[in-house]
Structure formats: structure tokens, C-alpha cells
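K.L.:
Output the structure for:
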Amino acid sequence: MTDVHIPDNYLSPSTCAVMAAAMVPVWAVSIKKVKSEISKAKMPQLGVGAALCFLMMMFNVPVLGGTTAHAVGGTLIAVLFGPYSACIAVSVALMIQALLFGDGGILAYGANCFNMAFVLPFVGYFVYKFIRDRVKSEKGEYVGLAVGSYFGINVAALCAAIEFGIQPLLFKNSAGLPLYCPWPLSVSIPAMTIPHLAVVGFIEAAFAVFIYLFVKRVSPGMVFVDDKKKARPIWGLIAALICLCPIGLLATGTAWGEWGADEIGTVAGGSGAGPLGYTPAGMAHGMNFSALLSEYAVSGLPAWLGYVISAILGVAILTIVFKIIGSFKKDKLEQAK
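P.N.:
Residues are numbered from 1 along each chain as shown. Presented below is the predicted three-dimensional model:
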């Protein structure tokens with residue numbers, strides 16, 4: 001996939017440390033905002049939002065260059081709950097993906113959160129708000145969400161491309177060969193941004209508007225209501241997405257920027273260049289984390305069934321995590337509903 005998820009060993013440890021450090025104040029402010037803005041009853045609803053995000057990222061689609069990509073849903077969650085809540089929801093979803101499914105690196109977690117849990121929802125939300133505040137109608141709301149979603153994921157992809165592309169500039173061995181991601185900005189930026197501008201941005205916008213319309217229809221005035229009967233259609237949507245998620249397996253092709261150390265030397269990174277011809281030392285001898293359900297597969301089961309089981313597990317974990325977080329909140333916030 002031309003994916004915003006960055007695996008381990010593509011970024012240097014120092015780059016990963018800088019990106020993680022950059023996220024610390026973002027997480028700190030976001031946690032403080034969530035404590036004050038999200039009531040105890042609505043915290044599990046934020047978990048459902050995180051689950052929707054998780055499921056959207058499982059729907060891979062073919063894009064330019066024979067690779068695949070997926071939506072994220074960060075702007076959608078930001079519009080439904082606010083950008084700070086979206087930051088926490090997407091961060092937790094990314095953590096589950098990295099630890100349990102090997103989707104995105106452990107060391108690169110901070111960089112992935114910076115791109116998808118910070119840049120994407122905040123850019124998307126403020127573009128949405130800019131349009132909504134000037135087009136004061138239902139149409140402005142939907143156009144704002146679509147345009148915000150498009151811009152959010154494209155700016156996130158650009159950030160990931162820059163993080164990839166600065167590696168060969170900053171980290172080389174004595175022979176001048178890159179230690180980590182070997183492709184410069186002239187390769188990484190078009191490889192990441194062109195498919196997102198041409199395809200992925202529109203998919204992100206379409207997903208966001210469709211889900212927002214559905215949610216608004218079944219829960220007028222608010223995303224996920226406290227009435228369990230009224231919330232059933234939302235769970236019906238999640239169940240449908242779980243059943244349909246194996247469609248993501250139909251999109252074949254190794255992700256740009258996600259080749260393993262055993263194959264990176266044989267692939268061409270883009271811009272008409274031939275195969276790399278070597279494995280960067282930092283990648284060959286870097287971190288090797290084996291997730292329990294790597295690539296959403298369950299040993300001994302067909303790929304489609306493993307995908308469905310992974311989706312169910314991811315949704316269940318995210319829902320439980322946010323319910324547990326909500327259980328620690330004080331009831332005084334209930335007055336703010």
C-alpha cells in the first residue's frame with residue numbers, strides 16, 4: 001500500500017525519538033481536553049469512533065503504481081467528537097494495530113501518531129470548520145467534511161513522505177549508502193502524495209461523508225446516543241463493515257515504504273529507478289517485532305476469516321479500552337451532556 005503507516009527500521013531511532021517527543025505535549029493537551037469535554041457516558045462512544053477508524057483502515061483499495069491504500073477516518077472522528085478526542089481515539093487504534101497486528105512500527109509509533117492522530121484530524125477539522133462557518137447550511141457541513149477529509153489525509157501523507165525522504169540525507173554509512181529508508185524526497189514525495197491526491201483523498205472523503213450521513217440519520221443531533229436502542233444501527237454499521245472488510249484483501253501489491261528487509265533490495269522505489277540492489281544496514285539489523293496476528297492473519301485459517309476475526313478483535317479491544325477509561329471518569333461530567 002501507499003500507506004501512511006510507517007514500519008520499523010525505515011526511520012532512524014533518533015527520528016523516531018524526535019517524533020515521539022513531539023507527540024508528548026499533543027497527547028498531554030488532548031488528554032486534558034478529553035477529560036473536560038467528554039462525559040463518562042460518552043467515553044465508550046469515543047471507543048466506537050476509534051473502532052470505526054480501525055475498520056476503515058482495513059479496507060485497502062488499489063491505487064497508482066500497483067500498490068494499495070486505505071482511508072483513516074481521522075477527520076470524521078474529529079467532526080463527531082472534536083480534534084483532541086480524535087487524536088486520542090486514533091492513537092489508541094494505532095497502538096492496537098502496531099502491537100497486535102504488526103501494522104505500523106513500534107519504534108515508529110510516535111511518527112505514525114504525529115501523521116494520523118495529530119496532523120490528519122487537526123488539519124481536516126480546521127478545514128471543515130473554515131468551510132462550515134462560511135457556508136451556513138447543511139450543504140456547507142457536508143462539503144466541509146469532504147474537503148477537510150481530503151486535505152487531512154493528503155497533508156498526513158506529505159508528512160510521512162518527508163519523514164521517509166530525509167533519512168538518506170541525514171543517515172549514511174561510511175560508503176555513503178543510506179542506513180534506513182533509501183529513497184530521497186524526490187522519490188518519496190511523489191510516491192506518497194500522487195496516489196493520495198488522485199485516489200485516497202477521495203476515498204477518505206467518501207467514507208467520511210457516508211458514515212456521517214448514516215450516523216446523523218440514526219442519531220439526530222449527536223453521533224452516538226446513550227439510548228442503547230437508538231445506538232443499535234451504529235453497531236449494525238460496524239457489523240456490516242466487519243463482514244465486508246475482507247474486500248480489502250482483493251487489493252494486492254506490497255505497500256510503498258513497507259517492504260521487508262528481505263525484499264527491499266529487489267524493488268524499485270519509484271521515479272523510474274531500478275531495483276535498489278542492497279539492503280540498508282539499519283534495516284537489515286534493525287528491530288524485528290513479531291505481532292501475534294501479523295497482517296491480520298490467523299494461523300491455520302483462510303485469509304478472509306483471519307481478517308474478519310482480526311476486525312472483531314480490534315473492535316472489541318477498542319470498545320473495552322474506552323469503557324475502562326470511562327469508568328475512571330467522575331460523574332460530574334454527566335451534567336455537561
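
K.L.:
Spatially nearest residue to Tyr150, not counting backbone neighbours?
P.N.:
Nearest residue to Tyr150, sequence neighbours excluded (C-beta to C-beta, 6 or more residues apart in numbering): Gly201, at 4.0 Å. No exception for glycine: its C-beta is placed from N, CA and C like everyone else's.

K.L.:
For that neighbour, the count of nearby residues, please.
P.N.:
When neighbours are counted by other C-beta atoms under 10 Å, Gly201 registers 23.

K.L.:
Can you give me the distance of it to Ala146?
P.N.:
Counting by C-beta to C-beta, to the nearest Å, the gap from Gly201 to Ala146 is 10 Å.

K.L.:
If you count neighbours, what's buried in the host helix or strand of the residue nearest to Tyr150?
P.N.:
Assigned by DSSP states H and E, Gly201 belongs to helix 201-218. Within helix 201-218, the residues that count as buried by 16 or more other C-beta atoms under 10 Å are 201-205, 207-209, 211-212, 215-216, 218.

K.L.:
What are the contacting residues of it?
P.N.:
Contacts to helix 201-218, defined as C-beta atoms under 8 Å, 6 or more residues apart in numbering, come from residues 52, 56, 59, 61, 69-73, 75-76, 79-80, 142, 145-147, 149-154, 223-224, 230, 233-234, 237.

K.L.:
what about 7 Å?
P.N.:
52, 56, 61, 71-73, 75-76, 79, 142, 145-146, 149-150, 153-154, 223, 230, 233-234, 237 (C-beta atoms under 7 Å, 6 or more residues apart in numbering).

K.L.:
How far away from the center of its chain is that helix?
P.N.:
Here the centre of helix 201-218 is set off from its chain's centre by 16 Å, with C-alpha atoms, centre = their mean, to the nearest Å.

K.L.:
circling back: so which of the buried residues of helix 201-218 sits lowest on pLDDT?
P.N.:
Of all those, Val218 has the smallest pLDDT value, namely 77.

K.L.:
Could you check how far that one is from Phe210?
P.N.:
Distance from Val218 to Phe210, by C-beta to C-beta: 13 Å.

K.L.:
try Cys245
P.N.:
15 Å.

K.L.:
swap in Gly82?
P.N.:
21 Å.

K.L.:
swap in Ala89?
P.N.:
Distance from Ala89 to Phe210, by C-beta to C-beta: 19 Å.

K.L.:
cool, Thr75 as well?
P.N.:
Separation of Thr75 from Phe210 (C-beta to C-beta): 13 Å.

K.L.:
again, but for Pro195
P.N.:
Taking C-beta to C-beta, one finds Pro195 at 21 Å from Phe210.

K.L.:
With Phe289 instead?
P.N.:
Remark: distance between Phe289 and Phe210 (C-beta to C-beta) = 35 Å.
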